[in-house]
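Undergrad: sequence and predicted structure are below.
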Amino acid sequence: MLLQAGALVWLKISLVAAMTLLVCSYAGSALFASVAGLMLAVAAHLRPFTAAEGWLAWLRVWPNLGLFDPAPLLAGTGFGLPGLLALAGYWLAYLMLFGGLAAYVFSHREF
């Protein structure tokens, strides 16, 4: 269980790193990039609390970092294989999206 919890934390950190890389690809300063990266991580933690309608509805398209919480694993209730595969697919889809957007912005940026 501890290895699975560590893997979930690694997936969560790599997803936050991809979000920060996306911000850094167009940011003009390191301060803006670090603050914006933190704000994106906060927005990802707020996603489960949003309704489908309202002014926070845009958060529904953002990744849900709460899915990568290791607390249920450490409490003894783990994921089954279908759940782990679904979570890995969710992680991979968002990682590819943020990585692709960052690569696109970097390729069109003038230094």
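TA: Okay, I see it. Residues are numbered from 1 along each chain as shown.

Undergrad: all helices for this protein, in order.
TA: Applying DSSP state H to the chain gives helices spanning 2-26, 30-46, 71-74, 81-107.

Undergrad: low-scoring stretches of the chain, by residue?
TA: Across the chain, the ranges flagged by pLDDT under 70 are 51-52, 56-60, 111.

Undergrad: so which residue is dead centre in it?
TA: By CA atoms, centre = their mean, the chain has its centre lying nearest to residue 15, at 3.9 Å.

Undergrad: which ones are touching it?
TA: 44, 63, 65, 68, 91, 94, 95, 98 (CB atoms under 8 Å, 6 or more residues apart in numbering). To be clear about C-beta, it is placed using only N, CA and C from the backbone, and glycine gets the same treatment.

Undergrad: you'd agree residue 79 is up against residue 4?
TA: Yes. Using CB atoms under 8 Å, residue 79 is in contact with residue 4, at 7.3 Å.

Undergrad: which residues do these two both contact?
TA: Shared contacts of residue 79 and residue 4, counting by CB under 8 Å, 6+ apart, come down to residue 73.

Undergrad: which of the contacts of residue 15 tops the neighbour count?
TA: Using other CB atoms under 10 Å as the neighbour test, the contacts of residue 15 are led by residue 63, with 25 neighbours.

Undergrad: show me what contacts the nearest residue to it once chain neighbours are set aside?
TA: Nearest residue to residue 63, sequence neighbours excluded (CB to CB, 6 or more residues apart in numbering): residue 94, at 4.6 Å. Residues in contact with residue 94, defined by CB under 8 Å, 6+ apart, are 15, 18, 63.

Undergrad: quick check: phi and psi on the last one?
TA: With angles defined as degrees, to the nearest 10, residue 63 shows backbone torsions of phi -70, psi 150.

Undergrad: so it makes contact with residue 47?
TA: Yes. Between residue 63 and residue 47 there is a contact under CB under 8 Å: 7.4 Å.

Undergrad: since we're on residue 108, how many residues are nearby?
TA: Residue 108, neighbours per other CB under 10 Å, totals 9.

Undergrad: any idea how far residue 29 is from it?
TA: Remark: distance between residue 108 and residue 29 (CB to CB, to the nearest Å) = 19 Å.
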